[in-house]
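Enquirer: 3D model of this:
(one chain, ligands or ions: 1)
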Amino acid sequence: MENTQKRVTFGGKISAVLVAAGSAVGLGNIWRFPYVAGENGGGAFLIIYILCILIMGLPLMIAEFSIGSASRHNAVGAFRTLGHRRWGGIGYIGILASVLILGFYLVVAGWTAEYTIHSLTDDLVRQSDPTFHQRSFEAFIAHPWKPIFYSTLFAVATHIIIVLGVKQGIERASKVMMPLLFIFLIILAIHSMLMPGGMEGIRFFLTPDFSKVTPSSVLVALGQAFFSLSIGLGTMITYGSYFKPKTRVQDTAIEVSAIDTMVAMLAGLMVFPAVFSAGIEPGAGPSLVFITLPSIFSSMPLSQLWSSLFFLLLVIAALTSTISLHEAITAYMHEEWKLTRRSAACITTVLTALLGALASLSLGILDHWRIAGLNIFDALDYVTANILLPIGAMLTCLFAGWCFDKQTFASQLYPSCQPKPFFGLIRFMLRFCCPIIILLIFLHNLGLL
Ligand code: PFF
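Expert: Residues are numbered from 1 along each chain as shown. Okay, here's the model as predicted:
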């Protein structure tokens with residue numbers, strides 16, 4: 001109880017939604033979603049993705065917010081406070097996953113910063129030849145220090161916001177950056193849809209073609225949904241612990257998931273019309289954003305403006321997400337190791353920036369350092385997406401469904417005594433459906449099924 005009174009909280013409902021949406025909306029929506037959808041049949045993938053969000057993502061996000069808001073603790077402390085000491089282990093998996101994700105996320109975030117600067121200085125859009133953009137992207141990511149410089153810059157920017165605090169740093173930054181992100185995204189999507197031939201791209205994105213859907217598309221959709229909603233690793237538990245006690249967790253989770261899905265859809269509506277208008281293959285892999293789009297921008301009127309807006313959008317989306325990953329780790333060290341917030345933030349920044357540097361070098365001079373055949377960058381992605389995230393998500397479901405006191409859980413969804421129409425359904429999903437589905441996917445990903 002004492003902890004409830006002392007803990008900092010976000011200003012109110014809108015702040016809670018904006019901050020959590022800031023974590024959810026990130027490179028996963030704008031960089032990863034369009035190319036994953038492109039590779040897995042466009043509109044059909046979109047339907048599966050939305051089902052994954054509704055059936056699996058939403059109950060888990062509600063559970064994470066509730067665990068945070070009921071315990072008022074960081075990811076490790078939350079499970080310990082509400083359950084038995086041993087449950088703290090779930091939190092440790094989450095903190096480890098956050099460190100590893102931040103390691104490679106900072107690298108890609110750094111690329112977006114570099115591309116923004118090149119767009120603003122007009123360097124990027126002088127050439128429209130895609131092979132030129134491909135060569136310069138490959139040379140850039142393999143460069144021994146340039147990408148490290150930009151990822152470190154990103155780590156420092158994140159650090160400054162974290163050190164400013166939950167209210168003055170995280171909440172204020174999200175309140176400025178999220179509206180900006182929406183404005184940029186809408187302008188870019190409208191511009192892209194109005195391009196000649198753009199309708200073809202919209203049709204590709206929105207028309208379901210189930211012949212292209214394979215069992216692995218379903219797995220990809222679920223992995224994408226978890227990553228995109230930032231669930232399974234304690235970030236949303238940490239943010240939930242800063243909600244005002246009266247915040248209706250269920251509504252917040254629905255709003256955050258809706259915003260996240262809307263941004264992914266808008267990103268598709270921004271990318272596919274441009275790609276089709278330029279007559280390029282839609283499933284062009286991760287390079288879609290860093291190679292294909294710059295060459296498309298180059299051939300447009302006002303190329304510098306569109307390219308700068310686009311990469312600035314990516315920078316904003318990435319920054320609100322790196323903040324949330326950093327905060328989950330910092331809050332853990334601050335509360336469990338009893339460090340000052342500033343020292344906890346410093347350790348987190350140095351640790352993740354070093355990991356980022358290693359991940360970046362592994363795309364160039366350290367390419368021969370391999371873990372089970374993967375370079376460090378890919379290994380970080382693989383271990384978090386295929387192992388730590390599913391395990392964390394499954395244990396969180398089991399905890400929320402079987403161990404979390406029913407009354408306490410229900411009171412987070414509906415703080416005042418109101419009818420609880422969906423609570424039974426959500427709890428049922430968390431007890432049975434979600435853990436079983438996640439287990440099947442986990443085994444399949446490891447090639448055991
Ligand atoms: N949801 C973010 C994105 O879509 O880019 C990535 C992310 C942020 C994952 C925070 C996990 C997390 F805890």
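Enquirer: C-alpha from now on. contacts and neighbour counts both.
Expert: Noted.
Enquirer: how many other residues sit next to Leu313?
Expert: Here the count is done by other CA atoms under 10 Å, and Leu313 has 26 residues near it.
Enquirer: What average pLDDT does the helix or strand where it lies get?
Expert: Taking DSSP states H and E as the definition, Leu313 sits inside helix 303-336. Rounded to a whole number, the mean pLDDT of helix 303-336 is 96.
Enquirer: List the buried residues for that helix?
Expert: For helix 303-336, burial by neighbour count (16 or more other CA atoms under 10 Å) applies to 303-304, 306-335.
Enquirer: Please list which of those residues are also close to the ligand.
Expert: Counting by CA under 6 Å from any ligand atom, 321, 324-325 from these sit close to the ligand.
Enquirer: can you list the residues you listed in a markdown table and add distance to Ile47?
Expert: What follows is those, written out as a markdown table (distance: CA to CA, whole Å):
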| residue | distance to Ile47 |
| --- | --- |
| Ser321 | 25 |
| Ser324 | 28 |
| Leu325 | 28 |
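Enquirer: closest to Ile161 among these?
Expert: Ser324 (10.5 Å; CA to CA).
Enquirer: Pull the contacting residues for the closest one.
Expert: 23, 235, 239 (CA atoms under 8 Å, 6 or more residues apart in numbering).
Enquirer: residues in contact with the second one?
Expert: It refers to Thr235. 75, 94, 98, 324-325, 327-328.
Enquirer: Just the ones of the contacts of Ser324 in helices?
Expert: Judged by DSSP state H, helices contain the following of those: 23, 235, 239.
Enquirer: export those residues to CSV and tack on distance to Gln168 and pLDDT?
Expert: Conversion of these to CSV gives the following (distance: CA to CA, whole Å; pLDDT from 0 to 100):
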residue, distance to Gln168, pLDDT
Ser23, 17, 98
Thr235, 19, 97
Tyr239, 15, 98
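Enquirer: which of those lies closest to Leu164?
Expert: Proximity of the ones in helices among the contacts of Ser324 to Leu164 (CA to CA) peaks at Tyr239, which lies at 15.9 Å.
Enquirer: Okay, the closest one and Ala344: tell me how far apart.
Expert: Separation of Tyr239 from Ala344 (CA to CA, to the nearest Å): 17 Å.
Enquirer: The two - which one has more neighbours?
Expert: Between Tyr239 and Ala344, counting by other CA under 10 Å, Tyr239 is the more crowded of the two (27 against 22).
Enquirer: ok, back up a step: keep only the contacts of Ser324 that also lie close to the ligand.
Expert: Okay, of the contacts of Ser324 touching the ligand (CA under 6 Å from any ligand atom), that's 23, 235.
Enquirer: Throw the contacts of Ser324 into CSV and include distance to Ile141, thanks.
Expert: As requested, the contacts of Ser324 are exported to CSV (distance: CA to CA, whole Å):
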residue, distance to Ile141
Ser23, 25
Thr235, 28
Tyr239, 33
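Enquirer: right, and out of the contacts of Ser324, which lies closest to Asn445?
Expert: Closest approach to Asn445 among the contacts of Ser324 (CA to CA): Thr235, at 23.5 Å.
Enquirer: Which residues of the stretch 1-150 of the chain lie near the ligand?
Expert: Neighbours of the ligand within the stretch 1-150 of the chain, by CA under 6 Å from any ligand atom: 23-29.
Enquirer: just to revisit the earlier point, next secondary structure element downstream of the helix holding Leu313?
Expert: Going down the chain from helix 303-336, the next helix or strand is helix 341-361, by DSSP H and E.
Enquirer: OK, contacts around Phe184?
Expert: Phe184 sits next to 309-310, 313 when contact means CA under 8 Å, 6+ apart.
Enquirer: possible to save these as a markdown table with distance to Val36?
Expert: Formatted as a markdown table, those follow (distance: CA to CA, whole Å):
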| residue | distance to Val36 |
| --- | --- |
| Leu309 | 23 |
| Phe310 | 19 |
| Leu313 | 19 |
